[in-house]
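Chemist: sequence and computational prediction follow.
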Amino acid sequence: MCGGEGTRLRPLTFERPKPCIPIVNRPSIQHLVSHLSNLGFRDVIITLGYMGDAIEAALGDGSLFGVSVTYVHEKNKLGTAGSVKNAQKYLEDQEFLVVGGDHVTDLNLLEFYREHQKERSMVSIGLISIDEPSEYGIAEIDVNYHVRRFKEKPSPGEIFSNLASTGIYVCDPAIFDHIPAGKKFDFARDLFPDLMQTGHIVKGWLARGNWTDVGSPASLRQAERWKLQDIPYTSISGDLTIRAGQVQGPVQLGNAFSMGQNSRLIGPVAVGAGTTIGDNVLIGPYTTIGENCLIKSNSKIFSASIYNRVVVGRNSTVSGSIIDNDTIIGDDCSLENDTVIGPRVVLRNNVVIHSRTRLWPEVVVPDGSIVKEHVLNEKFDVRCEGS
């Protein structure tokens, strides 16, 4: 399911759909499809809505990932279950797995699929224990894994379980009889309550491993940390120039990478092609830098996600931040943890961006500014709540 606009991740989703946000310099949907392929799933149906062309460009026909991809376009918003109903003709022959296109996970979904086939219920829900379940649907199950209660985004006093729905389901084709055609209809809000009220069995599957739906900048950074931890060894693609610097792996280095004197790269780190790092630069673990970036001398970057063609000025520090394409960070700047900087932003010199702050695309921040709240640009939608 790849239909949402990703408003909660703005400004990162103004110019790309959420499944195309880069994680370790690859669109996140590529990580997901690769994982499904490695588990043995071969036929992938993608339901498309917002900026679907970018998802098609990222996956093509699926052959590079060992799968066959079919695209189903959604003219109007149909909700999660409605979008699956829209692809019914491709899913009627056998049980099928439903996964959100923005999911990053290493869960054994083949085990989930096979467990559902053995137990034969109308639908099975992938459940995972989390610390803060209020942003998810939660389920109460019995010893037979039957779902007894389900509550979408519970309020305090309603959190009867910390088993959150992953939004990953295995469905019997008979489920299409319970989803109206051409109407907005959700799995959690509409379908599951209807099934349970009419006496149908809804089962849970207890997941073990890593999962996130990349619904916030913090979860996006966590997903990238998982993927960086998967880098098994140092790999170099093409030419590189390092002058009296130090690289401590594992790292991924793209072609035409250059690093100046006395700079240090401490993995796990991924750096794209054509990126230049100046002298006396420290880049700490769990950092990704995209293509054709310029990291100037005496700067420090820790646990950050820097996209393509970004400039980081001299003596600047970037900590736990996400910086989108073509942004310019001036000299002596400080970007605190959990900041999100949109594309083509310009920070002049001596700027401080406080934590949990977002800057909309094409914003210009004057010299010496201290930014304590979101800086919006009215040329773009200012909402950041929703899907």
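Modeler: Okay, I see it. Residues are numbered from 1 along each chain as shown.

Chemist: contacts, neighbours, all on C-alpha from now
Modeler: Noted.

Chemist: my guess is S121 contacts W205. True?
Modeler: No: with contact defined as CA atoms under 8 Å, S121 does not reach W205; the gap is 11.8 Å.

Chemist: more neighbours, those two?
Modeler: W205 (23 against 17; other CA atoms under 10 Å).

Chemist: so where does that one fall, helix or strand?
Modeler: Using DSSP states H and E, W205 maps to strand 202-206.

Chemist: please name the nearest non-neighbouring residue to D61.
Modeler: Among residues not flanking D61 along the chain, V69 sits closest, at 5.2 Å (CA to CA, 6 or more residues apart in numbering).

Chemist: show me the beta-bridge partners of that neighbour.
Modeler: Beta-bridge partners of V69, counted by DSSP bridges, are V44.

Chemist: neighbours of it, just the number please.
Modeler: Counted by other CA under 10 Å, the residues lying close to V69 total 19.

Chemist: how much space between it and D43?
Modeler: Counting by CA to CA, to the nearest Å, the gap from V69 to D43 is 6 Å.

Chemist: go on, K203?
Modeler: Counting by CA to CA - K203 and D43 are separated by 24 Å.

Chemist: so these two - more neighbours on which side?
Modeler: Neighbour comparison, K203 and D43: the larger count goes to K203, with 25 against 16 (by other CA under 10 Å).

Chemist: list the residues that contact V202.
Modeler: S121, M122, V123, S124, I125, H146, V147, F192, L195, M196 (CA atoms under 8 Å, 6 or more residues apart in numbering).

Chemist: and which of those is nearest V382?
Modeler: Of all these, F192 has the smallest distance to V382: 32.9 Å, by CA to CA.

Chemist: surely the closest one is within a helix?
Modeler: Yes: assessed by DSSP: H, G, I helix; E, B strand; the rest coil, F192 belongs to a helix.

Chemist: which ones are touching it?
Modeler: F192 neighbours (CA under 8 Å, 6+ apart): F150, V202.

Chemist: and if you look at N262?
Modeler: Applying CA under 8 Å, 6+ apart, one finds that N262 lies in contact with R243, A244, G245, Q246, D279, N280, V281.

Chemist: find the helix or strand that H35 is a member of.
Modeler: Assigned by DSSP H and E, H35 falls within helix 28-39.

Chemist: got the contact list for stretch 179-187?
Modeler: Around stretch 179-187, the neighbours that count as contacts under CA under 8 Å, 6+ apart are K77, L78, G79, T80, A81, G82, K85, N86, L191.

Chemist: T47 versus the third one, what's the distance?
Modeler: Here the criterion is CA to CA. By it, G79 lies 11 Å from T47.

Chemist: same question for the fourth one.
Modeler: Taken as CA to CA, the spacing of T80 relative to T47 amounts to 10 Å.

Chemist: any residues in contact with both of those two?
Modeler: Taking CA under 8 Å, 6+ apart as the contact rule, T80 and T47 both touch M1.
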